[in-house]
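*Asks:* what's the 3D shape of this:
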Amino acid sequence: MAPEELFDTFNVEKIMLEDMLSFVINALQSELRVAKRILSPYSDVNELTLELTKLFETVETVKSHMELTREILQVETPEQVQEVKERYSAISEEYGKILCKEDITCVPAKSSMAFIYHKMLLGMKKLFSECFVKGVYGETQIINTEENVNRTQILIGKFEVARIHFPLMVALKKDDLFCLEKSSEVWQDLYDSVVFKQINTKSQIEESSRRIHFLIRMSSVVVKRCVENKLTPSVGLLANLVKDLMYYAVKQGEADTQRLLHLMNSKLDTAFIVWNLPEKPFVSQFLALRHVTLGSDNQIFVPRIFPKITKELILQEYEDGTFNKIHPINKALLPGPGYANNRGQVVKDIFTPSEDKVPVRILSADPLNLREDGLLSFGGLKHRVKKTLHGSSVNDETAIVIHIHGGGFVSLSSLQHKVYLARWTKNSKMIHFSIDYRLAPKNQYPDPLDDVWQAYLWILNYAETVLGIKTPKIILAGDSAGGNLATCLTLRLIRAGLQAPHGLLLVYPCLAVDAKSYTPSYFLSIEDTMLPYSLLKLAAHAYTGEGFKNSEDPFITPIAASDELLEKMPPVTILCPAEDPLGDDNWRFMARLRQLNRNAKMIVHEHLSHGYLFHEELSNYDAYIDESCEEIKRLVSIA
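*Replies:* Numbering: from 1, shown residues only. Purely as a prediction, here's the structure:
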């Protein structure tokens, strides 16, 4: 069978895993044999030869994983499986869960093998063809250039990802969604709740994404140079930006290489500088020019007056075994209505910033005077007159939206998310609250969860009496890390027996924060511009730190939530880009909700990747905004 057929991801169900393994093993072995033969007599030890040697070692390890898997598939008894593991003693411990060949999960392995073939094996062939060039007299020369060194290091990083995930991939639980054939009843039922959309063609998306990808490459390169030259980001950016823009605008390929190298080798304290660049004053002021003008944009500071979610509390719940069960909170611990009796003092307090409060941005299409009873003030009277005259052209008081921003738990704020939040506010006619939770790594789990818990409960209980903003229905929305916090907050409210939101809108959410978990879509992060694997790993570590049960705690990894909690989930809509490295966990979550007969819908956007709501450059960008607004309105209507 030709490689094109063998690694056709659309026909992966029909292909034998052994055939795919054999082809890749033989191809890797052939490439390594030729490369080593060329390198062996070469006496000049330089940076490229050293990096090529590291690449050979990494590829050999990945090949050993494949060989072990293939040999297990070829034997029959547990004793023979043990013999195979003994021959691969260096990696056998990673396959402890595999006791017979039936324990190997073929479906995810086959889809990942196709990715390894297309994105890594062929890349290695291309690298070798450019590193080893025939000389004038027929001898092979090794081209030791900085570009070849850099590309070799990047390829090492890609194979390292494969090395980490291969044993996780072949040892998935048999009941995992991605161990089932797509023709199975589970998948066919799941497809009934999923809408596949193609607003733009692949070529349209690639064309319109070039600008944002160029800016990402440039910001990564500039930060890399700042770190290398020991400059502060602000000084370094101003000093080098013009020069770097001129240089890398011409050499965009080199800029991309430098970006990948920076991400691969980033340290915790510098890796997130790029993500936080939009928060720099001169950058944020420039980006603010893109925002839609609203009638009101206020910021309040909510006190933490509700029972706190602390690390000590979470660890106690682990010990008690109550962390994944409904466990109503003692209502006597909650503040009563008396908190808002002295409204004047409360209003003064929430407009006074403090480190022990949670910042919350309030967006409205119409002017609000929140210091005077909000919609009950003179401005509120004008609002009601306008509503009578113009109907839906002014704020809709049937519901509010509480939003939690993304940024990998480590970056950004509500201000940067106004690029789409302002449009949501204007289009939906609903008042939006956006919570600025504390960021990791300075504030790790559960601090950000506690912030959104405190802010949500304050809005639920006091927005009307203090601000004059009614909350008859609440739609909770979040993107990326914010989608995680929105889902975890909902589960936490359900666990505590408190009022959950009436609907959830999750935009490319992160529904598993666990370095030991695996889905086929994780391999997309090897080359993803917005969400590379290196940052995924660093962000997960920065958020959760040590001591937590990442794979079991539903307030870290929502797909681990018990049926008892999920049975009470409100209606959910997930907007999922088809090329999102986090996308497969969305499918897992949807499968759980479907099995429990919950009202859940997922829209999959063909060809899109993570973070698309930030891409105003996308063709038909307004169509994506309109769609998300329609989903918010739909959730309100069915609540």
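*Asks:* let me see the domain layout of this structure.
*Replies:* Following automatic domain parsing, one gets these domains for the chain: 3-174, 202-283, 293-520+542-638.
*Asks:* can you tell me the average pLDDT over the first one?
*Replies:* What that stands for is domain 3-174. Per-region confidence: domain 3-174 scores 89 on mean pLDDT.
*Asks:* list the contacts of the residue nearest to residue 298 when sequence neighbours are not counted.
*Replies:* With Cβ to Cβ, 6 or more residues apart in numbering as the criterion, residue 298 has its nearest non-adjacent residue at 4.7 Å, and that residue is residue 362. In this view, the C-beta of every residue, glycine as well, is placed from N, C-alpha and C. Applying Cβ atoms under 8 Å, 6 or more residues apart in numbering, we find residue 362 in contact with 296-300, 368, 370, 431-433, 467, 469.
*Asks:* please flag which of these sit within strands.
*Replies:* Counted as lying in strands by DSSP state E, out of the contacts of residue 362, are 296-300, 432-433.
*Asks:* show the buried residues in these.
*Replies:* 296-298, 300, 432-433 (16 or more other Cβ atoms under 10 Å).
*Asks:* hang on, the earlier thing: sheet partners, orientation included, of the helix or strand the residue nearest to residue 298 falls within?
*Replies:* Taking DSSP states H and E as the criterion, residue 362 maps to strand 357-364. Strand partners for strand 357-364, identified by DSSP bridges, are recorded as strand 296-303 (antiparallel), strand 432-435 (antiparallel).
*Asks:* sketch out the low-pLDDT regions of the stretch 251-400 of the chain for me.
*Replies:* Counting by pLDDT under 70, the stretch 251-400 of the chain shows low-confidence ranges at 251-290, 373-394.
*Asks:* what about the helices in it?
*Replies:* Listed in chain order, the helices of the stretch 251-400 of the chain (DSSP state H, counting those that start in this stretch) span 252-264, 268-271, 273-276, 281-287, 311-320, 343-350, 378-390.
*Asks:* ok, now the stretch 101-250 of the chain?
*Replies:* Ranges of helices within the stretch 101-250 of the chain are 106-116, 122-131, 146-170, 185-191, 202-228, 233-250, based on DSSP H, counting those that start in this stretch.
*Asks:* buried ones in the fourth one?
*Replies:* Buried residues in helix 185-191, counted by 16+ other Cβ under 10 Å: 187, 190.
*Asks:* quick one: mean pLDDT for it?
*Replies:* Mean pLDDT, computed over helix 185-191, is 93.
*Asks:* need the ones in strands among the contacts of residue 362 in JSON lines with distance to residue 614, can you?
*Replies:* JSON lines is the format used below for those (distance: Cβ to Cβ, whole Å):
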{"residue": "296", "distance to residue 614": "23"}
{"residue": "297", "distance to residue 614": "19"}
{"residue": "298", "distance to residue 614": "23"}
{"residue": "299", "distance to residue 614": "21"}
{"residue": "300", "distance to residue 614": "25"}
{"residue": "432", "distance to residue 614": "17"}
{"residue": "433", "distance to residue 614": "20"}
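*Asks:* which element is the closest residue to residue 511 other than its chain neighbours on?
*Replies:* Ranked by Cβ to Cβ, 6+ apart and with sequence neighbours excluded, the top spatial neighbour of residue 511 is residue 585, at 4.3 Å. Assessed by DSSP H and E, residue 585 sits inside helix 583-595.
*Asks:* helices or strands up against the following helix or strand past that helix?
*Replies:* Once the chain leaves helix 583-595, the next helix or strand it forms, by DSSP H and E, is strand 600-605. Counting contacts by 3 or more Cβ pairs under 8 Å, 6 or more residues apart in numbering; DSSP states H and E, strand 600-605 is packed against strand 194-197, strand 572-577, helix 583-595, helix 621-638.
*Asks:* what pairs with strand 600-605, and is each one parallel or antiparallel?
*Replies:* Here strand 600-605 has these sheet partners by DSSP bridges: strand 194-197 (parallel), strand 572-577 (parallel).
*Asks:* which of those strands sits closest to residue 325?
*Replies:* Ranking those by proximity to residue 325 (Cβ to Cβ) places strand 572-577 first, at 20.8 Å.
*Asks:* how far off centre is the closest one?
*Replies:* Distance of strand 572-577 from its chain centroid, counting by Cα atoms, centre = their mean, to the nearest Å, is 13 Å.
*Asks:* send over it as PDB, restricted to the C-alpha atoms.
*Replies:* Provided in PDB are the C-alpha atoms of strand 572-577 (Å, rounded to 0.1, in the frame of the first residue of the first chain):
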ATOM      1  CA  VAL A 572     -24.100  24.300  27.200                       C
ATOM      2  CA  THR A 573     -22.800  25.600  23.900                       C
ATOM      3  CA  ILE A 574     -19.200  25.000  22.800                       C
ATOM      4  CA  LEU A 575     -17.600  26.800  19.900                       C
ATOM      5  CA  CYS A 576     -14.700  24.500  18.800                       C
ATOM      6  CA  PRO A 577     -12.200  25.200  16.000                       C
END
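*Asks:* just the strands paired with strand 600-605: most buried one?
*Replies:* Most buried of the strands paired with strand 600-605, by mean neighbour count (mean count of other Cβ atoms under 10 Å): strand 572-577, with a mean of 24.
*Asks:* hmm, back to that, can I assume the residue nearest to residue 511 is in contact with residue 514?
*Replies:* No - with contact defined as Cβ atoms under 8 Å, residue 585 does not count as touching residue 514 (9.6 Å).
*Asks:* which of the two has more neighbours?
*Replies:* Neighbour count, other Cβ atoms under 10 Å: between residue 585 and residue 514, residue 585 has more, with 26 against 19.
*Asks:* what about residue 371, how many residues nearby?
*Replies:* Neighbours around residue 371, by other Cβ under 10 Å: 14.
*Asks:* how close does the residue nearest to residue 511 get to residue 519?
*Replies:* Here residue 585 is placed at a distance of 6 Å from residue 519 (Cβ to Cβ, to the nearest Å).
*Asks:* need the overlap of contacts for those two.
*Replies:* The contact sets of residue 585 and residue 519 overlap at residue 512 (Cβ under 8 Å, 6+ apart).
*Asks:* let's have the domains of the chain in JSON lines, adding distance to residue 190.
*Replies:* Below are those laid out as JSON lines (distance: least, Cβ to Cβ, whole Å):
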{"stretch": "domain 3-174", "distance to residue 190": "15"}
{"stretch": "domain 202-283", "distance to residue 190": "24"}
{"stretch": "domain 293-520+542-638", "distance to residue 190": "6"}
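*Asks:* before we move on, back to that, now mean pLDDT and distance to residue 28 too, for the helices and strands packed on strand 600-605, in a markdown table please.
*Replies:* Listed next are the helices and strands packed on strand 600-605 as a markdown table, based on pLDDT from 0 to 100; distance: least, Cβ to Cβ, whole Å:
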| stretch | mean pLDDT | distance to residue 28 |
| --- | --- | --- |
| strand 194-197 | 96 | 35 |
| strand 572-577 | 98 | 31 |
| helix 583-595 | 96 | 26 |
| helix 621-638 | 96 | 41 |
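*Asks:* tell me which of those is the most buried.
*Replies:* Most buried of the helices and strands packed on strand 600-605, by mean neighbour count (mean count of other Cβ under 10 Å): strand 572-577, with a mean of 24.
*Asks:* relative orientation of the helix or strand residue 33 falls within and helix 106-116 in degrees?
*Replies:* Here residue 33 sits within helix 17-39, counting by DSSP H and E. With axes from the mean of the first three to the mean of the last three Cα atoms, to 10 degrees applied, the angle from helix 17-39 to helix 106-116 works out at 30 degrees.
*Asks:* in helix 17-39, what counts as buried?
*Replies:* Residues 17, 20-21, 23-25, 27-28, 31-32, 35, 38-39 are the ones in helix 17-39 that count as buried (16+ other Cβ under 10 Å).
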